[in-house]
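Student: mind folding the following:
(chains A, B, C and D)
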Number of protein chains: 2
Amino acid sequence: MTVTGSRGRRERLRAETTAEIKKVALDLMASGGPDAITLRAIAREMGMTANAIYGYFATRDDLVTTLINDVYTALADAVDAAWEAAPATDPAVRIEAWANAFRTWALVNPQGFRLIYGDPVPGYQAPEGGPAPDAARRVCTGLTALAAAAWPHAQRLYQGSTFDWSDFDPGLLDKVRPAFPDLPPAAVALALRLWGHLHGLVSLEVYGHLRTQTASPEKLFQEELAQLTQTLGIPRGR
Amino acid sequence: MTVTGSRGRRERLRAETTAEIKKVALDLMASGGPDAITLRAIAREMGMTANAIYGYFATRDDLVTTLINDVYTALADAVDAAWEAAPATDPAVRIEAWANAFRTWALVNPQGFRLIYGDPVPGYQAPEGGPAPDAARRVCTGLTALAAAAWPHAQRLYQGSTFDWSDFDPGLLDKVRPAFPDLPPAAVALALRLWGHLHGLVSLEVYGHLRTQTASPEKLFQEELAQLTQTLGIPRGR
DNA sequence: ACCGAAACTTCACGGCGTATAGTTTCTGCA
DNA sequence: TGCAGAAACTATACGCCGTGAAGTTTCGGT
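Tutor: Next comes the predicted model:
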């Protein structure tokens, strides 16, 4: 009956319901794709009416934005964890760990990948600055860590390049430059190019465009990684 | 009043209406994204009832499949034309022409790119073997031409690789092997990897994921191409 | 005990794909 | 030339969707 106890109960119930809405939405997405995320289906699953959800999320797009944030954060956690777990002494292994974690997460959560990187849901309009700027930055920062690990060996590839700090988003640089003070602009460009390599193969695979052409996307991806570390000039072994 | 004249008229009207449906659908897509492709909106635009469209396409998905085919074919035409127009004597220029045509087409037709490579339309189910197998194969074959042009210089990168013909789709190989009889399996793997590189950067750009990080996706892409030809060991100039 | 807010329901609107049935219009043949 | 039949199209209906407005229930705080 204390003030905090009472208000705490209200808030706790509210938080629980919010969590259940998100959980049900993610379950629906996992089984039926992002398209299956509908307020009415969520409410049905929860034994409520669709309008009850408006007490927790202003619009469906708000809910979707929150989901994207959660899912994108989970992806960022996964790749960060893989990076941390790999030995800091072996850049090649670390880069491959990051990349394999990225691909594996995408294959395990294909609908989540679509939610983040594809057209999430019919008619969805992302908010200003993207639906999950923080998670996106975390992934980008992780990529920059790959680039930083590779940079001592790879910088020779960027002799003639003309990248400048002004080519990149200040918000990204705010996170990246303090973490890697010695890195030049070209290394950030390298990070984004790495992203392109990985994203391209993985998204072709997730969307089924590779399946029609090859039986072994896995082999393709591992070959990509092998060539990548080799091209960047990263020594293998400890 | 001849038999052929009469039947010709019917068929001509039918063909015209079919073409108008597709044109209106593509216009709607261009202005409102793939989501805007709805039978009711198309019919509204044409002064018809939505159900009238069922006389021309069995379901909405059938219409979408046809659209994907048309759009994918247009993309294939664009990249093929760029490839043909570039001098056969300079592989680096030819590869860059192909890649730039790919990116340019995607930036000019972002909604088309989404239609082909993303989740096309709410609830759309692609038919067996993909919506546009021929166009997809054409693009893949074009990529293999890039790989073939690069192969004499790049094959050293695939010394230890273990690719086999059985790793790839027979339907793809039927088109590719006659055209490039001397090419080993690893070269097809290279083609798919090239696809990944280009697709990754372009799709990140089209879906706005790069915009949040860099002001110059163009520079990034050109750098990618420069490194690509360099890595593959393709000599520049004639 | 009671007030007020929060949580939730009910009803309604317009949009969607599409199945069924009915209507108009045109073609080809006797 | 007239008419059967097919083709083109409309009307109506069903269940799905997001969402707004208004009404009802529930419950913590005084």
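Student: give me the three-state assignment for the residue in chain A that chain B sits nearest to.
Tutor: Closest residue of chain A to chain B, CB to the nearest CB: A:Gly200 (2.4 Å). In this view, the C-beta of every residue, glycine as well, is placed from N, C-alpha and C. Assigned by DSSP: H, G, I helix; E, B strand; the rest coil, the conformation of A:Gly200 is helix.
Student: who's in contact with the residue nearest to it when sequence neighbours are not counted?
Tutor: In space, A:Gly200 comes closest to B:Gly200 once its chain neighbours are excluded; the distance is 2.4 Å by CB to CB, 6 or more residues apart in numbering or on different chains. By CB atoms under 8 Å, 6 or more residues apart in numbering or on different chains, the contact set of B:Gly200 is A:195-201, A:203.
Student: between these, which is nearest DNA strand D?
Tutor: Of all these, A:Ser203 has the smallest distance to DNA strand D: 25.2 Å, by CB to the nearest atom of the strand.
Student: can you list the domains in chain A?
Tutor: A:1-57, A:64-232 (automatic domain parsing).
Student: looking at the ones you listed, which has the lowest confidence?
Tutor: The stretch with the lowest mean pLDDT among these is domain A:1-57, at a mean of 87.
Student: how much space separates A:Ile53 from A:Leu192?
Tutor: Using CB to CB, to the nearest Å, we find A:Ile53 at a distance of 37 Å from A:Leu192.
Student: now do A:Glu45
Tutor: 40 Å.
Student: who's more crowded, those two?
Tutor: Looking at A:Glu45 and A:Leu192 with other CB atoms under 10 Å in any protein chain shown, you find the greater number of neighbours at A:Leu192, namely 26 against 15.
Student: my guess is that one contacts B:Thr212. True?
Tutor: No - contact criterion CB atoms under 8 Å: A:Leu192 and B:Thr212 do not qualify, at 11.0 Å.
Student: and the helix or strand encompassing A:Val79, anywhere near chain B?
Tutor: For A:Val79, the host element (DSSP states H and E) is helix A:60-85. No - using CB under 8 Å from any CB of the partner chain, we find that helix A:60-85 stays clear of chain B, coming within 10.8 Å at best.
Student: chain center to that helix, what's the gap?
Tutor: In terms of CA atoms, centre = their mean, to the nearest Å, the gap separating the centre of helix A:60-85 from the centre of its chain is 6 Å.
Student: ok, now stretch A:140-148?
Tutor: With CA atoms, centre = their mean, you get 13 Å for stretch A:140-148.
Student: and stretch A:98-108, by the same measure?
Tutor: 10 Å.
Student: name the surrounding residues that touch it.
Tutor: Stretch A:98-108 is contacted from outside by A:74-75, A:78-79, A:81-83, A:86, A:112-113, A:142-143, A:145-146, A:198, A:201-203, A:205-206, A:221, A:225, A:228, using CB under 8 Å, 6+ apart.
Student: likewise for stretch A:166-179?
Tutor: With CB under 8 Å, 6+ apart as the test, stretch A:166-179 has contacts from A:133, A:137, A:140-141, A:144-145, A:165, A:183, A:185, A:188-189, B:212-216, B:219.
Student: what residues of it count as buried?
Tutor: Buried residues in stretch A:166-179, counted by 16 or more other CB atoms under 10 Å in any protein chain shown: A:167-169, A:172-173, A:175-177.
Student: hmm, which two among those are most spread apart?
Tutor: Greatest spatial distance among these (CB to CB): A:Asp167 and A:Lys175, at 16.2 Å.
Student: that older thread, are any of the contacts of stretch A:166-179 buried, and which?
Tutor: A:133, A:137, A:140-141, A:144-145, A:183, A:185, A:188-189, B:212-214, B:216, B:219.
Student: and chain A, which of its residues are near DNA strand C?
Tutor: Contact residues, chain A versus DNA strand C (CB under 7 Å from any atom of the strand): A:10, A:13-14, A:17, A:43, A:47-49, A:51-52, A:55.
Student: can you narrow those residues to ones near chain B?
Tutor: The subset of the residues of chain A next to DNA strand C within reach of chain B, counting by CB under 8 Å from any CB, is empty.
Student: turn the buried ones among those residues into a named ChimeraX selection, would you?
Tutor: Selecting the buried subset of those in ChimeraX, with 16+ other CB under 10 Å as the burial test, is done by:
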select /A:17,43,48
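Student: output the residues of chain A next to DNA strand C as TSV; include the columns secondary structure.
Tutor: Below are those laid out as TSV (three-state DSSP):
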residue	secondary structure
A:Arg10	helix
A:Leu13	helix
A:Arg14	helix
A:Thr17	helix
A:Ala43	helix
A:Gly47	coil
A:Met48	coil
A:Thr49	coil
A:Asn51	helix
A:Ala52	helix
A:Gly55	helix
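Student: if we check DNA strand D, which of the residues of chain A next to DNA strand C are in contact?
Tutor: Restricting the residues of chain A next to DNA strand C to contacts with DNA strand D (CB under 7 Å from any atom of the strand) yields A:10, A:51.
Student: burial of A:Pro91, as a residue count?
Tutor: 23.
Student: if we can go back for a sec, and the contacts of B:Gly200, which is closest to DNA strand C?
Tutor: A:Ser203 (26.1 Å).
Student: where does that closest one fall, secondary structure wise?
Tutor: If you go by DSSP H and E, A:Ser203 is part of helix A:185-206.
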